[in-house]
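Enquirer: no sequence on hand, only this structure:
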């Protein structure tokens with residue numbers, strides 16, 4: 001009888017331990033931060049009429065999306081399910097045309113908006129103001145205004161070579177600007 005009692009106590013203790021482990025796992029899982037996986041749209045074959053855009057930040061479904069060539073920032077945000085409640089999209093130009101490989105980052109309220117000068121000190125010629133472009137060597141206010149006017153009229157620059165279309169920029173200036181600018 002004593003051995004039967006010990007066996008029952010042992011089985012009961014084992015059941016309590018297993019139950020505690022299950023409860024512990026559930027509590028640990030519930031307390032762990034939930035990170036949504038990035039959404040990547042399947043693209044069977046890239047074409048001249050399709051661009052890929054990375055949508056990040058305060059959107060419902062961050063990820064990489066295929067959009068029609070000529071799409072705007074507002075289209076990319078809509079494809080990502082719209083902004084979240086904590087988003088501050090007022091700092092974005094929702095009408096800006098997108099280029100293949102671009103990233104649209106929607107900041108949260110209180111976060112610094114994506115700037116024209118990145119962490120590496122490169123000036124993004126597709127986002128920079130006249131004053132920001134004027135910080136580049138050999139670019140004065142008049143040439144900075146010409147860059148912005150060309151960008152507004154013809155859409156974003158895709159590469160350093162596209163800057164050659166701006167009056168006043170030639171091969172020597174392109175070579176000087178190449179290590180200082182981003183797109």
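Expert: Yep, it's here. These numbers were taken from a predicted model, which means no experiment stands behind them.

Enquirer: CA only for contacts and neighbour counts going forward, please
Expert: Will do.

Enquirer: mind listing the helices for the protein?
Expert: 2-31, 73-79, 130-133, 141-154, 171-177 (DSSP state H).

Enquirer: averaging pLDDT over each of the ones you listed, which comes out lowest?
Expert: Looking at those, the lowest mean pLDDT belongs to helix 2-31 (a mean of 48).

Enquirer: hang on, isn't residue 106 packed against residue 61?
Expert: No: using Cα atoms under 8 Å, residue 106 is not in contact with residue 61; the gap is 11.7 Å.

Enquirer: which one of those two is surrounded by more residues?
Expert: Each of residue 106 and residue 61 has its neighbours counted (other Cα atoms under 10 Å); residue 106 has more, 26 against 22.

Enquirer: tell me what the more buried one is bridged to.
Expert: Taking DSSP bridges as the rule, residue 106 bridges to residue 57.

Enquirer: show me the contacts for it.
Expert: Residues near residue 106 by Cα atoms under 8 Å, 6 or more residues apart in numbering: 55, 56, 57, 58, 59, 83, 87, 88, 89, 92, 113.

Enquirer: from those residues, which shows the smallest pLDDT?
Expert: Note: of those, the lowest pLDDT belongs to residue 113, at 62.

Enquirer: the contacts of residue 106 in strands, which ones?
Expert: Among the contacts of residue 106, DSSP state E puts 55, 56, 57 in strands.

Enquirer: out of these, who has the most neighbours?
Expert: Counting neighbours by other Cα under 10 Å, residue 55 leads the ones in strands among the contacts of residue 106 with 26 neighbours.

Enquirer: please report the distance of that residue from residue 100.
Expert: Residue 55 sits 12 Å away from residue 100, going by Cα to Cα, to the nearest Å.

Enquirer: repeat that for residue 140.
Expert: Per Cα to Cα, residue 140 is found 29 Å from residue 100.

Enquirer: could you do residue 174 as well?
Expert: Residue 174 sits 22 Å away from residue 100, going by Cα to Cα.

Enquirer: and what of residue 124?
Expert: Per Cα to Cα, residue 124 is found 15 Å from residue 100.

Enquirer: the more surrounded of these two?
Expert: Neighbour count, other Cα under 10 Å: between residue 124 and residue 100, residue 124 has more, with 19 against 16.

Enquirer: for that one, which non-adjacent residue is spatially closest?
Expert: The shortest distance from residue 124 to any non-neighbouring residue, by Cα to Cα, 6 or more residues apart in numbering, is to residue 182 (4.5 Å).

Enquirer: looking at it, the one you found is touching residue 122, isn't it?
Expert: Yes: if you go by Cα under 8 Å, residue 182 and residue 122 touch, sitting 5.8 Å apart.

Enquirer: and residue 154, how many residues sit next to it?
Expert: Neighbours of residue 154 under the rule other Cα under 10 Å: 10.
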